[in-house]
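In: 3D, please:
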Amino acid sequence: MEFGFTPEQEKYRQEIRDFIKKELPPGFEAGVGGHVESDEEWQIARSMTKKLSQKGWLNIAWPKEYGGQDNHMFSVILNEEMNYWCSPGLDFGGVGMLAPALMAHGNEEQKKEHLSKKAAGDVVWCQGWSEPEAGSDLPNLKTRAVEDGDDYVINGQKVWTSLAHHADWCFLLAKTDPEAQPKHRGITFFLVDFKTPGITVSPLTTMSKERSFSEVFYDNVRVPKKNIVGEINAGFKVAMTAAGFERSGIYRIALALRNVDRLIEWAKRPQPDGTVPAKSPVVRQKLADLYLRGRIARLLAYRVAWLQAEGAEPEWEASIARVFG
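Out: Model prediction:
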C-alpha cells in the first residue's frame, strides 16, 4: 500500500501553506477546529472562510453536481494544514459534517436551500447534539419533539454547542419516540433556524477561559416538517453519517502534532539552569513515544479519509481513529 501523497497533492499542500502565510495575521492562532474567542478574532475567522470559499476550497470535497470538485483527499490536506498552522476559517460543522449528511439523506429542496449558502460561507451552523445527561451516550438524549400539524414542537436543553452564539442555523437531534427500543430508533434529525422564537443561547466559559461553547434552551420551538432530514425516528443514521466525517479527527491530530513539534524544539533549548531536556534519555523516550503515536493517529485518520473518498461510510473505523487520536 502506498502511504504517500501524489505530486499534485503535495503541490496543493504547499499552496495552502502559502495561502495561510499570506492571509493569516502574523502571530494569530486559533484553537481546536479553528475555535476563536474575541469578536475581533471571529471577524478574522469569517474573513478566512470567505477567502476559502472564493478559492473554491471550502467545498472542495463535494461532488461536482453540488458545486464541489469531488476531491476528498484535497479536503483532508486542507483540514490538516489549516489546523497544523492554527488557522481559522474552515466551516467544519456546516461544510464538513452537515453537508455530507444532506447529500446522503436530504431531499432536493433541502439541498437546494442550504448547500449553496454553505459553499459561499454565508451561513454559520452549529451542532445540537450533546445534553447534560447525553454526550457519548447520545441515544439517551431527552430533548423532545412532538408533532403538531405541519410542525414539530421542540422542548429541551443542549450543552457544549460550539459557535451557538454566532450561529444562524443548527442541526439538532431530538426524541420523537421516547418509548423506542433500542433508544436510537426514536431520534429525528432537524434543521433549526436560530431566529425561531423560543431559542435561548447562554454562553459558557471553561476553566481555560474558552468561550466558544454555549448552553441552548428550546422552549416550544416550532420547526416545520420540511426541515426533517431523512425519516422520522431514523435521525441517528443521519447523525452517524455526519459524525463519520468528524471522528477521523485529522484536525485535532494536526494541532496535536504541531504541539509535539513545538515541544521537541523547546526540549532542545537550554533552560535557565543550563540543562537541555532533550539530552535526558527519559525525556527523549517520552518525546519519541509522543511523536510515533501522533503519526499512528494520523495514519488512522488517513485510512478513514481514504474509505470516504472511495464512497464508503466508515463507522467503527472512524470511531477507532477518534478514540486513538
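In: Need the residues that contact the longest strand along the chain.
Out: Taking DSSP state E as the criterion, the chain has its longest strand at strand 213-224. The contact list for strand 213-224, computed with Cβ atoms under 8 Å, 6 or more residues apart in numbering, reads 126, 128, 143, 145, 148, 150-162, 164-165, 170, 190-192, 196-204, 206. Placement of C-beta: from N, CA and C, glycine included.
In: which of the residues you listed count as buried?
Out: Buried by 16 or more other Cβ atoms under 10 Å: 126, 128, 143, 145, 151-162, 164-165, 170, 190-192, 196, 199, 201, out of the contacts of strand 213-224.
In: tell me the mean pLDDT for the longest strand of the chain?
Out: What strand 213-224 shows for mean pLDDT is 97.
In: buried residues in it?
Out: Those would be 213, 214, 215, 216, 217, 218, 221, 223, for strand 213-224 by 16+ other Cβ under 10 Å.
In: Closest one of those residues to residue 293?
Out: If you rank these by distance to residue 293 using Cβ to Cβ, residue 213 comes first, at 27.2 Å.
In: Report the beta-bridge partner residues of that closest one.
Out: residue 204 (DSSP bridges).
In: So it versus residue 292, what's the distance?
Out: From residue 213 across to residue 292, the span is 32 Å (Cβ to Cβ, to the nearest Å).
In: Same question for residue 271.
Out: 25 Å.
In: got the contact list for the helix or strand harbouring residue 112?
Out: Here residue 112, judged by DSSP states H and E, is contained in helix 108-119. Contact partners of helix 108-119, identified using Cβ under 8 Å, 6+ apart, comprise 53, 58-59, 62, 66-68, 91, 94-95, 98-99, 102-103, 106, 123, 125, 169, 191, 226-227, 229.
In: 6 Å instead, please
Out: Residues outside helix 108-119 that contact it (Cβ atoms under 6 Å, 6 or more residues apart in numbering) are 59, 66, 67, 94, 95, 99, 102, 123.
In: of all these, which comes closest to residue 184?
Out: Proximity of these to residue 184 (Cβ to Cβ) peaks at residue 102, which lies at 20.1 Å.
In: So the closest one belongs to a strand, correct?
Out: No - with DSSP: H, G, I helix; E, B strand; the rest coil as the criterion, residue 102 is located in helix rather than a strand.
In: Please report how far it lies from residue 193.
Out: Using Cβ to Cβ, residue 102 is found at 15 Å from residue 193.
In: How about residue 262?
Out: Distance of residue 262 to residue 193, computed by Cβ to Cβ: 41 Å.
In: quick one, which of those two is more surrounded?
Out: Counted by other Cβ atoms under 10 Å, residue 262 and residue 193 do not tie: residue 193 has more neighbours, with 13 against 10.
In: What's opposite the more buried one in the beta bridge?
Out: Residues in beta-bridge contact with residue 193 (DSSP bridges): residue 169.
In: Looking at the residue nearest the centre of the chain now. What's its pLDDT?
Out: The structure's the chain has its C-alpha centroid closest to residue 92; by Cα atoms, centre = their mean the separation is 4.0 Å. Residue 92 carries a pLDDT score of 82 in this model.
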